[in-house]
Structures are given as C-alpha cells and as structure tokens.
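Colleague: Curious how this folds, go ahead:
(2 chains)
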Amino acid sequence: MARMNENGQWIVMLGFIISIILVFLALIVNQSALVGKTTSESVLEFPKSEIQDLRAEIMEYCWTGDLSLYETTLNQTFHDISLERKGSVIFFDYNETQGLIYIHFNDGFTAYNETTWGGN
Amino acid sequence: MVTDDGQLYTIEGIAAALMIVVTAYLVVSTTTVLTQQDVHIIDLQLQQLGNDALAMMDTPNKYGDESNLSSLVKGNKTNEFHNQFLAYLNVESGSGMVSGNYEYNATIYYRNISGINSFSFDESQEYYRENAVKVSRWVSLKEFNPSPQYIPYLEPGNRTVLLEVQLWRE
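Modeller: Residues are numbered from 1 along each chain as shown, chains lettered A, B, ... in the order given. So this is what the prediction gives:
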C-alpha cells in the first residue's frame, strides 16, 4: 500500500460523486414514470360519469312527474343491469310527500350518497 | 503468490461495477414503464371523450324534452346515431385533418321478465380485440312501443335501458 500512487485523488473522488448522483437521478426518473400511470388509473377508476349519468336519468323521470309511478321498475332496472354490467350497486328512493330523492351508488371503490330535492 | 497490492483499486472496481449494474437496471426498467403509462393516458382520454359524447347526445334541449339519444334509440335510427356519435368524437377546430379513426360497437342492455337481455344496436366495425374502452349511458325510452324485431320482449311503457358502447381507435 505504501507504494500506491496517490496522484489524482480529486479526479477519482469526483468520479465517485458523479456516479452516485447518477444513481439517484435514475431513481427519481424511475419514480416519475409511475406518476402518470397511477394518476390516470385512479381517474379511470373514479365513477364520475356513472354518477352524473345516474342522476340525469332519475331527474329525467322526476321532471315529467313519472318518478313515483315508475319507482319500482326503474329501481329494478338500475339494480339488475348495473350489477351485471358494471359491478356497481345502485339504489334510489323517492319520497313523494316531501319531494326528496335519496340516491345511493357504490362500485366497490367509491360510495356516493345523496339526498336531493330533485330540482336540478 | 498473492500480494496485497492494489486492494483499494479492487474495492473501487467492485463498487463501480455495482453502481453501473444498478443504474443500468433502473434506466432499463424506466423505459419499459413509460410505454405503459402512455397507454393509460390514451385510455383515460378516450373514455372521457366517449362519455362526453354520449352525455351531449342524451341532454335534452330543455326540461322534460326527449333527448336526441332517446329518440335515436327509440326509433332504431342507427344511421343517424352513427353520424352524430362520430361527429361529436371528431369535433375539432376546423383546420387540419380529422384525427379520429374511431370505431365503436353499441349494445343495448335491458331488463324484462326473463332477466337481462342484450340487443346489438349498431357497430361501425367488427371488434378484433383492439385496445378498447367501455362507456355507457342510461337511456330513457318514453312511451316505448316495442316491435318483436327491435329490443324484443321489453315491456311497453316508460323504460330505461343501458346503452353500452365499446370504443377504440383503428
């Protein structure tokens, strides 16, 4: 060891530092690639359109005044088709005397409950 | 005869080799993940686009009116559905070429006494396992009077059916 040439230690150390920095940078790039994947996955998973669609459909019956007449049929339709085609549970209840509509939606990831007057 | 000359160089060599291997692994795995990320973003945009198009078609002009989509499904107007749906998907600013190449496959799911049935409404092309997304919309059919050929055995009256559209790019 005594005969070791000790010249150029700065260069060797800088080489070390730079390669360690490169490892960390690669780690960061590696993580950043996952960000776009996970965000778009979580947006895909979130049932925004499904809930808007469900509300729109119930309101369509409500506006024409048919909701109490068709409550059972519509509930059965929602329940059976959404369970089979989308794997989500839908239930709604219309209180005619108060004019209140209770809406329940659950697709296993997101649960949504709403009580509304049915004006919008 | 083994000498203990150059031990520091040996350690340095091993450390450098480890770092190169780890970095190479990280870089290679990064590039493979990137392609998957692209697919998800495209899926996301396509699903949003399809849902928006169906929502626009299913929005009536004013409270209580029948929406466009309802009347198209009610009257089995597949040609008009085809034109309108693709027109909404391909809306662009007016300059440049239409970028879409969208294809779809629309099926109606409905419930009657015997359970849940499906009826193939319209398809622009056969589906051959392309990378597709699924969008759907509840369609209300007011005072629907079915014929035996179109949505068979759906009871007459005010009915709601599910229009499920499989959407992909060619």
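
Colleague: Where does residue B:151 sit: helix, strand or coil?
Modeller: With DSSP: H, G, I helix; E, B strand; the rest coil as the basis, residue B:151 sits in coil.

Colleague: Could you measure from it over to residue B:61?
Modeller: Distance of residue B:151 to residue B:61, computed by Cβ to Cβ, to the nearest Å: 25 Å. Bear in mind the C-beta positions are built from the backbone N, C-alpha and C, glycine included.

Colleague: With residue B:102 instead?
Modeller: 26 Å.

Colleague: The two: who's more crowded?
Modeller: Legend: neighbour count by other Cβ atoms under 10 Å in any protein chain shown for residue B:102 and residue B:61, higher for residue B:102 (20 against 9).

Colleague: how about the more buried one, what does it touch?
Modeller: Residue B:102 makes contact with B:86, B:89, B:90, B:124, B:167, B:168, B:169, B:170 under the criterion Cβ atoms under 8 Å, 6 or more residues apart in numbering or on different chains.

Colleague: Flag the shaky bits of the chain, pLDDT-wise.
Modeller: Went with chain A since none was named. Confidence mapping of chain A against pLDDT under 70 gives the ranges A:1-4, A:33, A:119-120.

Colleague: actually it's chain B I care about, not the one you picked
Modeller: Checking chain B against pLDDT under 70 turns up B:1, B:31-38, B:93-99.

Colleague: Show me which helix runs longest in it.
Modeller: Assignment by DSSP state H gives helix B:7-57 as the longest helix of chain B.

Colleague: what about the spatially closest residue to residue A:96 that is not a sequence neighbour, neighbour count?
Modeller: Leaving aside its sequence neighbours, residue A:96 sits nearest to residue A:68 (Cβ to Cβ, 6 or more residues apart in numbering or on different chains; 4.7 Å). Neighbours of residue A:68 under the rule other Cβ under 10 Å: 12.

Colleague: how much space between residue A:68 and residue A:100?
Modeller: Taken as Cβ to Cβ, the span from residue A:68 to residue A:100 is 12 Å.

Colleague: One more: residue B:148?
Modeller: 40 Å.

Colleague: which of these two has more neighbours?
Modeller: residue A:100 (13 against 7).

Colleague: Who are the contact partners of the more buried one?
Modeller: Residue A:100 makes contacts with A:94, A:115, A:116, A:117, A:118, as judged by Cβ under 8 Å, 6+ apart.

Colleague: Understood, closing this out.
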